[in-house]
Structures are given as structure tokens and as C-alpha cells.
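> predicted model and sequence below, questions to follow.
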Amino acid sequence: MKRIAFCFLGMVLLYACGESSTPAGKEVKTADSAKVAENIRTNMSFLNDYNAMEAVFGNENWMLIEKKDTSYYYFSRLGDMNFNTYAYRLVKGDSANVAHGKIEREKNRLVWNFDGKKLYITSATVARIAATVDGSDTAAKYEFTRLNSNTIGVTYPDQRKVELKKTIPFGLFLVRSRYDYSNGTHYAFDTAVYTKKH
């Protein structure tokens with residue numbers, strides 16, 4: 001008799017639990033799970049963009065020679081969704097005019113302050129990064145294309161094209177540049193992976 005009573009009581013509890021959730025409660029759970037799924041999908045797409053940017057820029061030091069002006073860009077990825085950028089020039093063998101920037105998430109976009117302009121990353125693959133300038137039409141865009149392991153092609157909004165050439169690692173490059181300035185040598189450039197055009 002006790003067994004039958006326990007079975008009956010168990011069936012009543014199961015039936016009661018099944019009836020207690022209302023259709024409105026199910027809608028809320030569905031809406032919450034959709035928001036969570038959307039955030040996961042968004043975070044994954046941002047992570048994919050950061051991975052693509054690392055494939056193009058790496059954690060490397062790059063030199064830009066433009067006419068008689070030379071500047072340098074250093075890219076450093078920290079963690080999954082943080083990319084630091086440094087733009088600088090060499091003055092008397094030491095880095096000067098350093099501009100620190102970030103490629104960071106702003107709402108549903110990636111933002112980068114590059115060359116004095118606010119850029120929105122519109123496309124990121126392991127071979128090419130495209131970005132539009134804030135406040136301009138979509139035709140005003142920058143493109144960074146990985147040409148080979150030592151060269152990145154940069155196309156400016158005015159269609160001007162330049163190349164970034166990889167140098168030796170950042171810290172070593174700065175130490176050798178200072179040594180070169182003090183001693184009249186060229187160690188920072190002699191062992192770099194590019195050839196300087198004269």
C-alpha cells in the first residue's frame with residue numbers, strides 16, 4: 001500500500017511540475033537563450049577578426065618608408081581581444097613622437113585610431129584588413145594586405161599605395177638603432193629582413 005501511495009504521490013508531483021511553467025515563462029527563457037547565443041556569436045566573430053588581424057600584422061615591428069620620411073609601427077596583441085599599436089619615428093637613434101593606440105571593440109564594431117583618423121574595421125581576413133574612415137562615405141577606406149611574410153601593402157583612401165617592411169624584433173631594433181646612432185654603424189638595418197632602397 002505504501003508503494004502505491006508513493007508512486008501516486010510521485011506522479012502527482014511530476015504532473016504538477018509539468019503544468020507550473022506557463023507559455024509566457026517559456027517565451028522569456030527562449031528570448032534569454034537567444035540573447036546569450038547572439039552574444040556568443042558576436043564574441044566569436046570579434047575573436048575571429050582579432051585572429052585575422054594578428055595573422056596580417058603579427059606581434060611585429062614594421063617600417064614605412066615614404067619619400068624621405070620614415071616611420072615605424074609596432075603591433076602587440078595582448079589576450080584575446082586587445083591589440084595595442086604604436087606609431088613612432090627615430091630621432092637620434094631613439095624612438096620619438098610615440099603615439100599609442102588600440103584596436104578595440106566599440107559596441108558592435110572594431111575601432112582603430114590610425115594615422116590621426118578613427119577607422120572602423122569593416123572586414124578582416126588572414127590576408128587583408130579593410131577599414132573605413134569615421135564620418136566619411138564608404139569609398140574612403142584603408143586596406144592592409146599581407147603581401148608576404150615580410151611585407152604589408154597599405155592602400156590609403158586617395159588610392160596611394162605604400163609598403164610596410166618588417167624589421168628585426170622591436171626591442172632589439174631600438175637597442176641597435178641607439179647603438180648605430182652613437183657609433184655610426186648600421187646594425188639595426190644590416191640584419192633586418194628587408195633591403196632599404198636608396
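All right, it came through fine. Numbers count the residues shown, from 1 in each chain.

> from Lys166, how far off is Tyr156?
Here the criterion is Cβ to Cβ, to the nearest Å. By it, Tyr156 lies 20 Å from Lys166. Every C-beta, even on glycine, is put in place using the N, C-alpha and C of the backbone.

> scratch that, Met53 is what I was asking about
Distance from Met53 to Lys166, by Cβ to Cβ: 16 Å.

> between those two, which has more neighbouring residues?
Counted by other Cβ atoms under 10 Å, Met53 and Lys166 do not tie: Met53 has more neighbours, with 22 against 18.

> check contacts around the more buried one.
Contact partners of Met53, counting by Cβ atoms under 8 Å, 6 or more residues apart in numbering, are 77, 83, 103, 121, 124, 129.

> 10 Å - rerun?
75, 77, 83, 103, 110, 112, 121, 124-126, 129, 144 (Cβ atoms under 10 Å, 6 or more residues apart in numbering).

> neighbour-wise, give me the winner out of those residues.
Busiest of those [other Cβ under 10 Å] is Ile129, holding 27 neighbours.

> the residue nearest the centre of the chain in helix, strand or coil?
By Cα atoms, centre = their mean, the chain has its centre lying nearest to Tyr50, at 3.8 Å. Of the three states, Tyr50 takes helix according to DSSP: H, G, I helix; E, B strand; the rest coil.

> pretty sure it is touching Val126, no?
No - contact between Tyr50 and Val126 fails when scored by Cβ atoms under 10 Å: they sit 11.7 Å apart.

> what packs against the lengthiest strand in the chain?
What stands out as the longest strand in the chain, according to DSSP state E, is strand 94-106. In terms of contacts (3 or more Cβ pairs under 10 Å, 6 or more residues apart in numbering; DSSP states H and E), strand 94-106 is packed against helix 23-57, strand 69-77, strand 83-91, strand 109-114, strand 117-124, helix 170-183.
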